[in-house]
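# From the sequence below, what's the structure:
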Amino acid sequence: MDPWWNPAIEAQAIDRAYRMGQKNKVMAYRLIAKGTIKEKIVKLQDQKRSLASSLITEDETFAPTLSMDDLEFLLDE
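Modelled structure (predicted):
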């Protein structure tokens with residue numbers, strides 16, 4: 001499976017491998033070679049997950065502050 005730019009879409013695709021009534025264990029493997037575009041996509045996914053988790057508080061409200069690094073990341077992409 002190739003990595004998606006959007007980590008939520010990739011997670012959904014992996015979740016679809018598991019079906020209701022499934023009795024066997026389902027495993028999803030991502031093979032990422034060092035120095036490839038796929039490695040960069042995975043790093044971007046990690047950054048997006050981190051940013052999303054920092055924006056949403058435990059009670060699922062929007063956190064009003066962003067760091068300069070976060071703003072630069074959002075504006076550069």
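
# Now do stretch 69-77, average pLDDT.
The pLDDT scores in stretch 69-77 average 74.

# just how off-centre is it within its chain?
With C-alpha atoms, centre = their mean, to the nearest Å as the basis, stretch 69-77 stands 17 Å off its chain's centre.

# same thing with stretch 9-19?
Taking mean C-alpha positions (C-alpha atoms, centre = their mean), stretch 9-19 and its chain are 13 Å apart.

# So which residues make contact with that stretch?
1, 3-4, 26, 28, 45 (C-beta atoms under 8 Å, 6 or more residues apart in numbering). All C-beta spots, glycine's among them, are computed from the backbone N, C-alpha and C.

# Mark which of the residues you listed are buried, thanks.
3, 45 (16 or more other C-beta atoms under 10 Å).

# Out of the contacts of stretch 9-19, which two sit at the greatest distance?
Farthest apart among the contacts of stretch 9-19 by C-beta to C-beta are Val26 and Gln45. That separation is 20.4 Å.
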